[in-house]
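Visitor: quick one, what's the 3D model for this:
(one chain, ligands or ions: 1)
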Amino acid sequence: MSLDIDFIRSQFPAFSEPSLEGQAFFENAGGSYTCQPVIDRLMRFYAQRKVQPYAPYKASQLGGAEMDEARQRLAAMMGVEPDELSFGPSTSQNVYVLAQAFRKFIGPGEAIIVTNQDHEANTGPWRRLADEGIEIREWKIDPQTGHLDPEDLERLLDDKVRLVCFPHCSNVVGEINPVTAITAMAHAAGAFVCVDGVSYAPHGLPNLGELGPDIYLFSAYKTYGPHQGLMVVRKALAGLLPNQAHYFNGDVGYKRFTPAGPDHAQVAACAGMADYIDLLCDHHGGPKGDDAERAGFVHDLMRAYEIKLLQPLLDAVKARKDVRLIGPDDAEMRAPTVTLYLNRPAEPVAAALADMGIMAGGGDFYAVRALTALGIDPDNGVLRLSFTHYTTESEVNKLIAALDKVL
Ligand SMILES: Cc1ncc(COP(=O)(O)O)c(C=O)c1O
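Guide: Numbers count the residues shown, from 1 in each chain. The predicted structure follows:
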């Protein structure tokens with residue numbers, strides 16, 4: 001079964017919005033369009049349910065039930081328990097809170113491994129724990145390719161390491177890291193694992209029960225949803241880390257690492273992400289029953305479609321002598337987040353693309369450490385061309401033709 005692109009696009013109001021007409025969107029790694037079910041739920045919440053949730057009157061009960069529904073359905077799709085999934089303002093803030101928990105959980109003589117492939121969100125807050133005497137070890141990328149080699153990690157692991165942090169997929173390198181294998185290595189050494197899934201989840205929700213990390217984070221606003229950060233902390237670890245919420249909320253798993261009061265409407269609207277995945281599953285004749293299996297079906301559908309569209313773009317850019325493609329040139333190995341180094345500032349090139357009906361971005365994308373390690377001047381930055389399953393083949397062709405003109 002291949003993906004029905006017309007059906008997909010009918011689920012996104014942006015594609016029938018007159019002010020966006022004729023613009024091909026290639027900055028999805030920055031933030032995706034929002035799907036209709038999410039918008040519907042957000043509007044309904046504000047119009048009908050925007051009162052303090054979980055009180056005994058109807059509007060409040062409906063609001064609270066919808067917030068629970070979002071957590072329960074998305075958790076089931078990712079193969080974890082509802083109590084293990086929580087919502088916070090953003091992934092950056094969620095990691096920050098987790099780092100405060102680890103600040104008290106581990107101490108001098110113990111170590112954390114971080115990478116220089118990550119967006120700053122999943123590396124900076126961990127590195128600051130050096131203030132407590134915690135040793136920070138850096139798992140370094142290959143300076144040419146941006147690849148993270150698991151053999152290098154093996155050399156960094158010993159019985160002092162308590163936590164290994166890395167991205168499922170970097171927002172500039174694009175290569176998909178083997179989360180299951182890396183997690184197994186870290187666990188074998190007695191360390192916990194924290195994965196930044198922000199650049200991966202928009203291309204198909206992961207099954208965390210199968211992948212195995214102790215912490216997994218991603219951002220709903222890049223995954224067709226509202227501006228929320230989703231964070232899974234598996235129970236075995238959550239119970240060990242000190243509570244970061246009000247003292248009387250510490251026993252509630254999904255409150256334990258979210259000290260901020262939740263944005264009720266946006267949490268409820270996240271149920272629309274589950275509606276969207278269910279809609280895609282049913283429309284494409286996917287399995288009935290198990291939620292993780294259904295989400296897995298949609299994941300595979302999206303991946304197959306994206307890989308097909310991505311390879312011609314990679315082939316076109318790797319054939320050029322005037323750009324450096326960051327990350328693998330094999331679409332199977334990466335997300336459709338394609339970064340090019342131009343040896344000049346990237347932002348004016350993104351502006352030239354905008355004039356040709358291509359929305360793309362230029363800059364460092366908060367992956368300053370990765371760019372620096374790749375020998376790239378962050379002030380020049382990189383041109384990033386990122387798409388998802390709602391992009392069409394003709395949009396990719398339009399992009400390739402536009403690149404020929406601006407590069
Ligand atoms: C890979 C990656 N991780 C983390 C983040 C931070 O996410 P948030 O904006 O939700 O804090 C981003 C945002 O661009 C990202 O691309």
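
Visitor: near the ligand, which residues of the stretch 151-300 of the chain?
Guide: Proximity of the stretch 151-300 of the chain to the ligand (Cβ under 6 Å from any ligand atom) is limited to residues Pro167, Asn171, Asp196, Val198, Ser199, Ser219, Gly229. All C-beta atoms are positioned from the backbone trio N, CA, C, and that covers glycine.

Visitor: isn't the second one right up against His119?
Guide: Yes. Here Asn171 lies in contact with His119, judged by Cβ atoms under 8 Å, at a distance of 5.2 Å.

Visitor: overlap in contacts of the two?
Guide: Taking Cβ atoms under 8 Å, 6 or more residues apart in numbering as the criterion, Asn171 and His119 both touch Val198, Ser199, Phe365, Tyr366, Ala367.

Visitor: which ones among those map onto helices?
Guide: Taking DSSP state H, every one of the shared contacts of Asn171 and His119 sits outside helices.

Visitor: what about the residues of the stretch 151-300 of the chain next to the ligand, which are in helices?
Guide: Going by DSSP H, the helices hold none of those.

Visitor: from these, pick the one nearest Val179.
Guide: For those, the minimum distance to Val179 (Cβ to Cβ) is 9.5 Å, reached by Pro167.

Visitor: in the longest helix seen in the chain, what counts as buried?
Guide: The longest helix of the chain (DSSP H) is helix 291-318. Using 16 or more other Cβ atoms under 10 Å as the burial criterion, the residues of helix 291-318 that qualify are 291-292, 294-299, 301-303, 305-307, 309-311, 313-314, 316-317.

Visitor: which SS state does Asp142 fall under?
Guide: With DSSP: H, G, I helix; E, B strand; the rest coil as the basis, Asp142 sits in coil.

Visitor: for the ligand, give me its nearest residue in the stretch 301-407 of the chain.
Guide: Here the residue of the stretch 301-407 of the chain nearest the ligand is Tyr366; by Cβ to the nearest ligand atom that distance is 6.0 Å.

Visitor: wait, what's in contact with that residue?
Guide: His119, Glu120, Ala121, Asn171.

Visitor: I'd like these as TSV, with neighbour count appended.
Guide: Formatted as TSV, those follow (neighbours: other Cβ atoms under 10 Å):
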residue	neighbour count
His119	24
Glu120	17
Ala121	23
Asn171	26
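
Visitor: tell me the one of these nearest Asp377?
Guide: The nearest member of the contacts of Tyr366 to Asp377, counting by Cβ to Cβ, is Glu120 at 17.2 Å.

Visitor: coming back round to it: can you tell me which of the residues of the stretch 151-300 of the chain next to the ligand is nearest Ala335?
Guide: Closest to Ala335, out of all of these and judged by Cβ to Cβ, is Ser199, at 5.9 Å.

Visitor: pLDDT at that closest one, what is it?
Guide: Looking at Ser199, its pLDDT stands at 98.

Visitor: look up how far Val382 lies from it.
Guide: 14 Å (Cβ to Cβ, to the nearest Å).

Visitor: check which helices and strands the helix or strand of the chain with the lowest mean pLDDT is in contact with.
Guide: Every helix and strand of the chain was ranked by mean pLDDT, DSSP states H and E. The lowest is helix 208-211, at a mean of 95. When contacts are defined as 3 or more Cβ pairs under 8 Å, 6 or more residues apart in numbering; DSSP states H and E, helix 208-211 sits against helix 179-188.

Visitor: so what secondary structure elements neighbour the helix it packs on?
Guide: Looks like helix 179-188 contacts helix 150-156, strand 161-167, strand 192-196, helix 208-211 (3+ Cβ pairs under 8 Å, 6+ apart).

Visitor: I'd say Arg137 and Asn116 touch.
Guide: No. At 11.4 Å, Arg137 does not count as touching Asn116 under the criterion of Cβ under 8 Å.

Visitor: pLDDT of the longest helix of the chain, averaged?
Guide: pLDDT averaged over helix 291-318 gives 98.

Visitor: ok now do the closest residue to Leu98 other than its chain neighbours, which residues does it touch?
Guide: Once flanking residues are discounted, Leu98 sits nearest to Phe257: 6.1 Å by Cβ to Cβ, 6 or more residues apart in numbering. Contact analysis of Phe257 by Cβ under 8 Å, 6+ apart lists Ser86, Gly88, Asn94, Val97, Leu98, Ala101, Met231, Val233, Ala238, Leu241, Gln244, Ala245.
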